[in-house]
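**Student:** Sharing a sequence plus its predicted fold:
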Amino acid sequence: MSIKVIAIGNTLMEDDGIAIAVIENIRAGLEEKNVEVIVGETDFNYCISMINDEDLLLIIDAASYGGTAGEINTYDIGRYNSFKKGYTQHSYHLIDLLHLYFTNLKGFVIGIQINSVSFKLGLSKVLESKLKNVSIEVEETINYLISKYL
């Protein structure tokens, strides 16, 4: 079993790029533990090509669930249910595709609550000020989740 951490998001859309900023802060520590780091950004096809059925996946992504900016929540990938009524080629999320292509999917989504999303390079001032602490908390979460599977 390989352990893979995938960061997704759009760095041109303000806080939607939070996962990319976090993974760059914690990448070295993860790679020292033989965790493969994949910066997928918005290229879901690339992400899919890097995954094997037996991998443990930890996907870091921006989230908007009404919490406090920088708050972290973890969700089991296997329990993810899409609430979409229809699909087009542009409406799939990475997790939707994972469920289509992989039958034995194991892993978690680590969602980081955003402050705002707009056409802007870089994070909002709110998340930028919390980036170091959010990065530490995400790395601790990843280490905990990995320890559950080893």
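**Tutor:** Sure thing, it's come through. Residues are numbered from 1 along each chain as shown.
**Student:** For the longest helix anywhere in the chain, name the packing helices and strands.
**Tutor:** Longest helix in the chain by number of residues, with DSSP state H as the criterion: helix 125-149. Using 3 or more CB pairs under 8 Å, 6 or more residues apart in numbering; DSSP states H and E as the contact test, the elements touching helix 125-149 are strand 3-8, helix 18-32, strand 56-63, strand 72-76, strand 106-113. All C-beta atoms are positioned from the backbone trio N, CA, C, and that covers glycine.
**Student:** How much space separates the spatially most central residue of the chain from F44?
**Tutor:** By CA atoms, centre = their mean, the mean C-alpha position of the chain lies nearest to I60, the distance being 1.5 Å. Distance from I60 to F44, counting by CB to CB, to the nearest Å: 14 Å.
**Student:** I77 reaches I110, doesn't it?
**Tutor:** No: proximity of I77 to I110 does not meet the contact threshold set by CB atoms under 8 Å, at 10.7 Å.
**Student:** list residues touching both of the two?
**Tutor:** Common contacts of I77 and I110, defined by CB atoms under 8 Å, 6 or more residues apart in numbering, comprise I59.
**Student:** For the two, indicate the residue with more neighbours.
**Tutor:** With other CB atoms under 10 Å as the criterion, I77 and I110 differ in neighbour count, and I110 comes out ahead with 23 against 19.
**Student:** Pull the contacting residues for the residue nearest to that one when sequence neighbours are not counted.
**Tutor:** Once its chain neighbours are removed from consideration, I110 has its nearest residue in I60; the separation is 4.8 Å (CB to CB, 6 or more residues apart in numbering). For I60, the contact set (CB under 8 Å, 6+ apart) comprises V5, I6, A7, I8, A19, V22, I23, V109, I110, I112, V138.
**Student:** and with 6 Å instead?
**Tutor:** The contact partners of I60, by CB atoms under 6 Å, 6 or more residues apart in numbering, come to A7, A19, I110.
**Student:** could the residues you listed be laid out in CSV, adding pLDDT?
**Tutor:** Rendered in CSV, the data for the contacts of I60 read as follows (pLDDT from 0 to 100):
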residue, pLDDT
A7, 97
A19, 98
I110, 97
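**Student:** and of those, the nearest to L121?
**Tutor:** Here the nearest of the contacts of I60 to L121, counting by CB to CB, is A19; it sits at 15.5 Å.
**Student:** Perfect, that will be all.
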